[in-house]
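Novice: no sequence for this one, just the structure:
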């Protein structure tokens, strides 16, 4: 006569079920990985920084799906790095700045100026004398951040104005029309279709430099047809003119020197 055993006992005596007969887990759909994986997708980073200037709804969509984007950073060109909170700070968009901070963004001195946090701004400047002269992304000054903060940053603006040096402007010497025409055009530094630099005047009458597929960067004239791209004042862009036209363009970025030849 067989002894009765409980269901638990039976399962304890039963051999382990072969893997092939176990219930399969859900099959995940194929994923297309970004080329820079595990780094963040460059297009998403660029979009997040871009929309952080004024599109709160889209910022929420992007950051809620990938919270690390709140701290992402994008190089607009020549080392002019910008984070989402940098973008919100220099246009005075407090709602976007507050949302980003709530989702892990790292506020800066420029953020504090825009948000009217006088104690933080004053303490920082007193602790690090001269920091008020440092520029933010795109060369935007600390005082300009406070000005863009509106009424909520009025006391910070008043304080920064009292310092007398919190709004340093780039040297930007006039460029004659003949010189503008002489340097405008395209210059190749390689054989590829995007290995070119275009010099042109934008709708606001500012001379710019741009590589195909990349952002247009304003230039400030330092004299003698030597320019800086705004936001990267250590870089120099120089032109050599012959026969009424610049024949070469040289970008000097410390140990990196790129020489391009006119193609149009």
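Specialist: Now that the structure is in, tell me what you want to look at. Small disclaimer: the values here were computed from a predicted structure and weren't measured.

Novice: Where does pLDDT dip in the stretch 1-150 of the chain?
Specialist: For the stretch 1-150 of the chain, the stretches flagged by pLDDT under 70 are 1-26, 28.

Novice: burial of residue 244, as a residue count?
Specialist: For residue 244, the count of nearby residues is 8 (other CB atoms under 10 Å). C-betas here are computed from N, CA, C, even on glycine.

Novice: Which phi and psi values does it adopt?
Specialist: In terms of degrees, to the nearest 10, the main-chain angles of residue 244 are phi 80, psi 0.

Novice: What sits closest to it if chain neighbours are left out?
Specialist: Ranked by CB to CB, 6 or more residues apart in numbering and with sequence neighbours excluded, the top spatial neighbour of residue 244 is residue 182, at 6.2 Å.

Novice: Helices along the protein, start to end?
Specialist: For the chain, applying DSSP state H gives helices covering 7-13, 42-51, 56-65, 84-91, 94-102, 109-114, 118-127, 142-148, 154-163, 177-183.

Novice: pLDDT (mean, whole number) over the lengthiest strand in the chain?
Specialist: Identified as the longest strand of the chain according to DSSP state E is strand 245-253. Averaging pLDDT along strand 245-253 gives 97.

Novice: List the buried residues of it.
Specialist: Using 16 or more other CB atoms under 10 Å as the test for burial, strand 245-253 gives 246, 249-251.

Novice: Which one, of the helices of the chain, ends up nearest to residue 75?
Specialist: Nearest to residue 75 among the helices of the chain is helix 42-51; the distance by CB to CB comes to 9.5 Å.

Novice: So which residues make contact with that closest one?
Specialist: 34, 36, 58-59, 62-63, 66, 69, 72-74, 82-84, 86-87 (CB atoms under 8 Å, 6 or more residues apart in numbering).

Novice: ok and that helix relative to helix 84-91, angle-wise?
Specialist: Inter-element angle recorded for helix 42-51 and helix 84-91: 30 degrees (by axes from the mean of the first three to the mean of the last three CA atoms, to 10 degrees).

Novice: between the buried residues of strand 245-253, which is nearest residue 144?
Specialist: Checking the buried residues of strand 245-253 against residue 144 by CB to CB gives residue 251 as the nearest, at 26.8 Å.

Novice: Roughly how far does the closest one sit from residue 211?
Specialist: Separation of residue 251 from residue 211 (CB to CB, to the nearest Å): 10 Å.

Novice: Same question for residue 135.
Specialist: According to CB to CB, residue 135 stands 23 Å off from residue 211.

Novice: Please identify which of those two sits among more neighbours.
Specialist: Shown here are residue 135 and residue 211; by other CB under 10 Å, residue 135 has more neighbours (18 against 15).
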